[in-house]
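Peer 1: Sequence first, then the predicted structure:
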Amino acid sequence: MIKIDALPAFSDNYLWLLQDAESRCCAVVDPGDAAPVLAWLEAHPGWRLTDILVTHHHADHVGGVARLKDACGSRVLGPAQERIPARDQALGEGDRVQVLGLEFQIFEVPGHTLGHIAYYHEDAGQPLLFCGDTLFAAGCGRLFEGTPEQMHRSLSRLATLPAATQVYCTHEYTLSNLRFAKAVEPANPNTAERFARVSRLRERGDISLPSTIALELATNPFLRVTETSVKQMADERAGRENPTPVEVFATLRAWKDQF
Ligand code: ZN
Ligand code: FE
(Lines give C-alpha, C1' and ligand atoms only; values in the text may rest on other atoms or scores of the structure.)
(Ligands and ions follow the chains in the order given, each with its own letter.)
Protein backbone atom coordinates (compact mmCIF):
# COMPACT_ATOMS: atom_id res chain seq x y z
CA MET A 1 0.00 0.00 0.00
CA ILE A 2 1.40 3.37 -1.03
CA LYS A 3 0.42 6.45 0.95
CA ILE A 4 0.58 9.79 -0.82
CA ASP A 5 0.95 13.11 0.99
CA ALA A 6 1.34 16.66 -0.29
CA LEU A 7 4.30 18.66 0.99
CA PRO A 8 3.51 22.33 0.32
CA ALA A 9 6.26 24.46 -1.26
CA PHE A 10 6.51 28.09 -2.39
CA SER A 11 3.10 29.78 -2.55
CA ASP A 12 1.04 27.12 -4.32
CA ASN A 13 3.18 24.08 -5.27
CA TYR A 14 2.70 20.59 -3.87
CA LEU A 15 5.53 18.07 -3.76
CA TRP A 16 3.85 14.67 -3.80
CA LEU A 17 5.49 12.23 -1.41
CA LEU A 18 4.80 8.54 -2.07
CA GLN A 19 5.47 6.34 0.94
CA ASP A 20 5.81 2.59 1.25
CA ALA A 21 5.56 1.89 4.99
CA GLU A 22 6.71 -1.70 4.62
CA SER A 23 10.11 -0.88 3.12
CA ARG A 24 10.26 2.62 4.62
CA CYS A 25 11.13 3.91 1.20
CA CYS A 26 9.63 7.03 -0.32
CA ALA A 27 9.64 8.91 -3.61
CA VAL A 28 8.90 12.52 -4.43
CA VAL A 29 7.41 14.11 -7.54
CA ASP A 30 8.68 17.49 -8.80
CA PRO A 31 10.68 18.73 -5.80
CA GLY A 32 11.09 22.40 -6.68
CA ASP A 33 12.50 22.87 -3.20
CA ALA A 34 14.52 20.30 -1.23
CA ALA A 35 13.75 21.75 2.21
CA PRO A 36 10.22 20.35 2.78
CA VAL A 37 11.41 16.86 1.78
CA LEU A 38 14.51 17.02 3.97
CA ALA A 39 12.35 18.23 6.88
CA TRP A 40 9.97 15.29 6.35
CA LEU A 41 12.88 12.83 6.30
CA GLU A 42 14.29 14.34 9.47
CA ALA A 43 10.90 13.93 11.15
CA HIS A 44 10.69 10.30 9.94
CA PRO A 45 13.94 8.58 10.92
CA GLY A 46 14.68 5.32 9.13
CA TRP A 47 13.01 6.39 5.88
CA ARG A 48 14.93 6.60 2.59
CA LEU A 49 14.14 8.74 -0.43
CA THR A 50 14.82 6.25 -3.20
CA ASP A 51 13.34 8.05 -6.22
CA ILE A 52 12.80 11.54 -7.57
CA LEU A 53 10.27 11.82 -10.40
CA VAL A 54 10.29 14.92 -12.58
CA THR A 55 7.60 15.95 -15.08
CA HIS A 56 9.25 18.98 -16.71
CA HIS A 57 12.18 21.36 -16.47
CA HIS A 58 10.65 24.44 -14.78
CA ALA A 59 12.51 25.65 -11.69
CA ASP A 60 9.55 25.17 -9.34
CA HIS A 61 9.67 21.46 -10.28
CA VAL A 62 13.43 20.74 -10.36
CA GLY A 63 14.95 23.32 -7.97
CA GLY A 64 15.50 20.79 -5.18
CA VAL A 65 16.52 17.77 -7.26
CA ALA A 66 20.32 18.07 -7.08
CA ARG A 67 20.35 18.77 -3.34
CA LEU A 68 18.03 15.85 -2.59
CA LYS A 69 20.03 13.46 -4.74
CA ASP A 70 23.23 14.62 -3.01
CA ALA A 71 21.72 14.16 0.43
CA CYS A 72 19.88 10.88 -0.19
CA GLY A 73 21.51 9.19 -3.19
CA SER A 74 18.10 8.96 -4.88
CA ARG A 75 17.56 7.93 -8.48
CA VAL A 76 16.38 10.83 -10.65
CA LEU A 77 13.82 10.11 -13.37
CA GLY A 78 12.84 12.79 -15.87
CA PRO A 79 11.81 13.61 -19.41
CA ALA A 80 14.34 12.70 -22.10
CA GLN A 81 13.56 15.81 -24.17
CA GLU A 82 14.40 18.36 -21.47
CA ARG A 83 17.41 19.43 -19.39
CA ILE A 84 16.83 17.96 -15.94
CA PRO A 85 19.52 18.39 -13.26
CA ALA A 86 21.23 15.17 -12.10
CA ARG A 87 18.92 12.97 -14.18
CA ASP A 88 19.79 9.25 -14.08
CA GLN A 89 17.08 7.89 -16.32
CA ALA A 90 15.68 9.69 -19.36
CA LEU A 91 12.04 8.81 -20.01
CA GLY A 92 9.86 9.05 -23.08
CA GLU A 93 6.59 7.81 -24.53
CA GLY A 94 5.77 4.20 -23.67
CA ASP A 95 8.59 3.71 -21.15
CA ARG A 96 7.77 1.83 -17.98
CA VAL A 97 9.51 2.34 -14.65
CA GLN A 98 9.21 0.70 -11.26
CA VAL A 99 8.87 3.08 -8.32
CA LEU A 100 8.31 1.66 -4.82
CA GLY A 101 7.14 -1.56 -6.41
CA LEU A 102 4.56 0.19 -8.61
CA GLU A 103 4.85 0.19 -12.37
CA PHE A 104 4.42 3.59 -13.97
CA GLN A 105 3.82 4.14 -17.64
CA ILE A 106 5.20 7.29 -19.26
CA PHE A 107 3.10 9.55 -21.51
CA GLU A 108 4.60 12.44 -23.44
CA VAL A 109 2.20 15.36 -22.93
CA PRO A 110 3.65 18.42 -24.71
CA GLY A 111 2.00 21.82 -24.39
CA HIS A 112 3.05 23.53 -21.16
CA THR A 113 6.62 22.58 -22.12
CA LEU A 114 7.67 20.57 -25.18
CA GLY A 115 9.17 17.60 -23.32
CA HIS A 116 6.63 17.39 -20.47
CA ILE A 117 5.85 13.84 -19.34
CA ALA A 118 3.21 12.29 -17.08
CA TYR A 119 3.50 9.19 -14.89
CA TYR A 120 0.55 6.79 -14.90
CA HIS A 121 0.05 3.76 -12.70
CA GLU A 122 -2.65 1.44 -13.98
CA ASP A 123 -4.57 -0.19 -11.19
CA ALA A 124 -7.94 -1.89 -11.16
CA GLY A 125 -9.00 -0.04 -8.01
CA GLN A 126 -7.36 3.34 -8.04
CA PRO A 127 -5.16 4.34 -10.96
CA LEU A 128 -2.71 7.19 -10.28
CA LEU A 129 -1.65 10.03 -12.54
CA PHE A 130 1.11 12.52 -11.83
CA CYS A 131 0.69 15.10 -14.54
CA GLY A 132 2.77 18.11 -13.39
CA ASP A 133 1.53 21.32 -15.02
CA THR A 134 -0.44 19.72 -17.87
CA LEU A 135 -3.87 18.92 -16.45
CA PHE A 136 -4.82 20.99 -13.39
CA ALA A 137 -7.92 20.60 -11.27
CA ALA A 138 -10.52 22.48 -13.36
CA GLY A 139 -7.81 23.92 -15.60
CA CYS A 140 -4.62 23.32 -17.54
CA GLY A 141 -1.07 24.67 -17.71
CA ARG A 142 -0.14 27.74 -19.70
CA LEU A 143 1.29 27.22 -23.14
CA PHE A 144 4.88 28.30 -22.53
CA GLU A 145 6.43 26.18 -25.27
CA GLY A 146 3.78 24.17 -27.08
CA THR A 147 0.88 24.95 -29.39
CA PRO A 148 -2.83 24.80 -28.56
CA GLU A 149 -3.01 21.74 -30.80
CA GLN A 150 -0.34 19.90 -28.80
CA MET A 151 -1.92 20.74 -25.45
CA HIS A 152 -5.38 19.83 -26.66
CA ARG A 153 -4.08 16.46 -27.82
CA SER A 154 -2.25 15.87 -24.53
CA LEU A 155 -5.33 16.73 -22.46
CA SER A 156 -7.64 14.69 -24.67
CA ARG A 157 -5.44 11.71 -24.09
CA LEU A 158 -5.42 12.10 -20.31
CA ALA A 159 -9.21 12.46 -20.50
CA THR A 160 -9.46 8.89 -21.84
CA LEU A 161 -7.91 7.40 -18.67
CA PRO A 162 -10.30 5.52 -16.35
CA ALA A 163 -12.81 7.80 -14.59
CA ALA A 164 -11.53 6.72 -11.16
CA THR A 165 -7.95 7.82 -11.92
CA GLN A 166 -6.61 10.01 -9.11
CA VAL A 167 -5.14 13.13 -10.65
CA TYR A 168 -2.14 14.57 -8.81
CA CYS A 169 -1.20 17.88 -10.38
CA THR A 170 1.40 20.23 -8.97
CA HIS A 171 -0.38 23.46 -8.06
CA GLU A 172 -3.21 24.64 -5.81
CA TYR A 173 -4.93 26.62 -8.56
CA THR A 174 -8.30 24.93 -8.25
CA LEU A 175 -10.37 27.81 -6.89
CA SER A 176 -9.20 30.37 -9.46
CA ASN A 177 -9.59 27.75 -12.19
CA LEU A 178 -13.17 27.17 -11.04
CA ARG A 179 -13.90 30.91 -11.17
CA PHE A 180 -12.95 30.76 -14.82
CA ALA A 181 -14.86 27.50 -15.35
CA LYS A 182 -18.00 29.22 -14.00
CA ALA A 183 -17.51 32.06 -16.47
CA VAL A 184 -17.27 29.55 -19.33
CA GLU A 185 -20.17 27.40 -18.12
CA PRO A 186 -22.47 29.49 -15.91
CA ALA A 187 -25.19 26.83 -16.20
CA ASN A 188 -23.07 23.77 -15.30
CA PRO A 189 -24.35 22.52 -11.91
CA ASN A 190 -21.28 20.32 -11.38
CA THR A 191 -19.02 23.35 -11.70
CA ALA A 192 -21.15 25.36 -9.25
CA GLU A 193 -21.16 22.48 -6.77
CA ARG A 194 -17.41 21.99 -7.05
CA PHE A 195 -16.79 25.72 -6.64
CA ALA A 196 -18.81 25.74 -3.42
CA ARG A 197 -17.02 22.66 -2.09
CA VAL A 198 -13.50 23.89 -2.96
CA SER A 199 -14.31 27.32 -1.51
CA ARG A 200 -15.08 25.69 1.83
CA LEU A 201 -11.89 23.59 1.68
CA ARG A 202 -9.70 26.60 0.91
CA GLU A 203 -11.33 28.74 3.61
CA ARG A 204 -10.15 26.12 6.09
CA GLY A 205 -6.72 26.02 4.43
CA ASP A 206 -7.30 22.46 3.19
CA ILE A 207 -5.93 21.02 -0.02
CA SER A 208 -8.28 20.62 -3.02
CA LEU A 209 -6.34 17.71 -4.54
CA PRO A 210 -6.15 15.05 -5.82
CA SER A 211 -8.87 15.29 -8.41
CA THR A 212 -10.24 12.48 -10.55
CA ILE A 213 -10.69 12.15 -14.29
CA ALA A 214 -14.46 11.85 -13.71
CA LEU A 215 -14.54 15.18 -11.90
CA GLU A 216 -12.39 16.85 -14.57
CA LEU A 217 -14.63 15.55 -17.36
CA ALA A 218 -17.62 17.08 -15.56
CA THR A 219 -16.14 20.48 -14.66
CA ASN A 220 -12.89 21.28 -16.49
CA PRO A 221 -13.72 23.58 -19.43
CA PHE A 222 -10.48 22.61 -21.21
CA LEU A 223 -11.72 19.00 -21.38
CA ARG A 224 -15.19 20.14 -22.45
CA VAL A 225 -14.40 21.97 -25.68
CA THR A 226 -16.77 19.76 -27.68
CA GLU A 227 -19.78 20.80 -25.52
CA THR A 228 -22.10 23.05 -27.52
CA SER A 229 -22.41 25.60 -24.72
CA VAL A 230 -18.63 25.82 -24.31
CA LYS A 231 -18.16 26.36 -28.04
CA GLN A 232 -20.87 29.02 -28.06
CA MET A 233 -19.20 30.87 -25.19
CA ALA A 234 -15.82 30.64 -26.99
CA ASP A 235 -17.40 31.97 -30.20
CA GLU A 236 -18.94 34.86 -28.30
CA ARG A 237 -15.67 35.60 -26.59
CA ALA A 238 -13.61 35.47 -29.81
CA GLY A 239 -16.25 37.35 -31.82
CA ARG A 240 -16.04 34.69 -34.49
CA GLU A 241 -16.75 31.03 -35.16
CA ASN A 242 -14.34 28.46 -33.66
CA PRO A 243 -14.91 25.65 -36.15
CA THR A 244 -12.77 22.97 -34.45
CA PRO A 245 -12.29 21.75 -30.86
CA VAL A 246 -8.64 22.87 -31.07
CA GLU A 247 -9.78 26.41 -31.89
CA VAL A 248 -12.28 26.37 -29.03
CA PHE A 249 -9.45 25.22 -26.79
CA ALA A 250 -7.11 27.98 -28.08
CA THR A 251 -9.77 30.64 -27.48
CA LEU A 252 -10.39 29.39 -23.91
CA ARG A 253 -6.67 29.24 -23.15
CA ALA A 254 -6.11 32.81 -24.42
CA TRP A 255 -9.14 34.01 -22.45
CA LYS A 256 -7.87 32.32 -19.26
CA ASP A 257 -4.44 33.95 -19.72
CA GLN A 258 -6.11 37.34 -19.16
CA PHE A 259 -8.88 36.27 -16.79
ZN1 ZN B 1 5.68 24.47 -15.09
FE1 FE C 1 4.76 24.66 -12.02
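Peer 2: Yes, it's here. Ligands and ions are numbered 1, 2, ... in the order given.

Peer 1: Quick check: what element follows the helix or strand hosting His152 along the chain?
Peer 2: According to DSSP states H and E, His152 maps onto helix 148-159. Per DSSP H and E, helix 148-159 leads on to strand 166-169 as the next helix or strand towards the C-terminus.

Peer 1: mind listing what that following strand pairs with, with the direction of each?
Peer 2: strand 128-132 (parallel), strand 211-212 (antiparallel) (DSSP bridges).

Peer 1: Now the element after it, going C-ward?
Peer 2: Per DSSP H and E, the helix or strand that comes after strand 166-169 is helix 174-184.

Peer 1: Name the residues of the stretch 51-200 of the chain found near ligand 2, please.
Peer 2: 60, 133 (Cβ under 5 Å from the ion). C-betas here are computed from N, CA, C, even on glycine.

Peer 1: one step back: out of the strands paired with strand 166-169, flag the one nearest Thr228.
Peer 2: With Cβ to Cβ as the criterion, Thr228 lies closest to strand 211-212 of the strands paired with strand 166-169, at 24.3 Å.

Peer 1: which secondary structure elements does the helix holding His152 contact?
Peer 2: Judged by 3 or more Cβ pairs under 8 Å, 6 or more residues apart in numbering; DSSP states H and E, the packing partners of helix 148-159 are strand 102-108, helix 213-219, helix 245-257.

Peer 1: Mean neighbour count and mean pLDDT added to the ones you listed, as JSON lines?
Peer 2: Rendered in JSON lines, the data for the helices and strands packed on helix 148-159 read as follows (neighbours: other Cβ atoms under 10 Å; pLDDT from 0 to 100):
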{"stretch": "strand 102-108", "mean neighbour count": "18", "mean pLDDT": "98"}
{"stretch": "helix 213-219", "mean neighbour count": "20", "mean pLDDT": "98"}
{"stretch": "helix 245-257", "mean neighbour count": "20", "mean pLDDT": "98"}
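
Peer 1: and of these, who's closest to ligand 1?
Peer 2: helix 245-257 (14.6 Å; Cβ to the ion).

Peer 1: quick one: that closest one to helix 148-159, angle?
Peer 2: Going by axes from the mean of the first three to the mean of the last three Cα atoms, to 10 degrees, helix 245-257 is angled at 100 degrees with respect to helix 148-159.

Peer 1: what about Gln89, distance to Leu77?
Peer 2: According to Cβ to Cβ, to the nearest Å, Gln89 stands 5 Å off from Leu77.

Peer 1: More neighbours: which of those two?
Peer 2: More crowded of Gln89 and Leu77, by other Cβ atoms under 10 Å: Leu77, with 25 against 14.

Peer 1: Beta-bridge partners for the more buried one, please?
Peer 2: Leu53, Gln89.

Peer 1: quick one: it and Gly92 touch, right?
Peer 2: No. Leu77 is beyond contact range of Gly92, at 11.4 Å (criterion: Cβ atoms under 8 Å).

Peer 1: Which residues are in contact with each of these two?
Peer 2: Shared contacts of Leu77 and Gly92 (Cβ atoms under 8 Å, 6 or more residues apart in numbering): none.

Peer 1: which residues are common contacts for Gln89 and Leu77?
Peer 2: Contacts common to Gln89 and Leu77, judged by Cβ under 8 Å, 6+ apart, are Val97.

Peer 1: Strands of the stretch 1-150 of the chain, start to end?
Peer 2: For the stretch 1-150 of the chain, strands defined by DSSP state E, counting those that start in this stretch occupy the ranges 2-9, 13-20, 25-29, 48-53, 75-79, 89-91, 96-99, 102-108, 117-121, 128-132, 135-136, 139-140.
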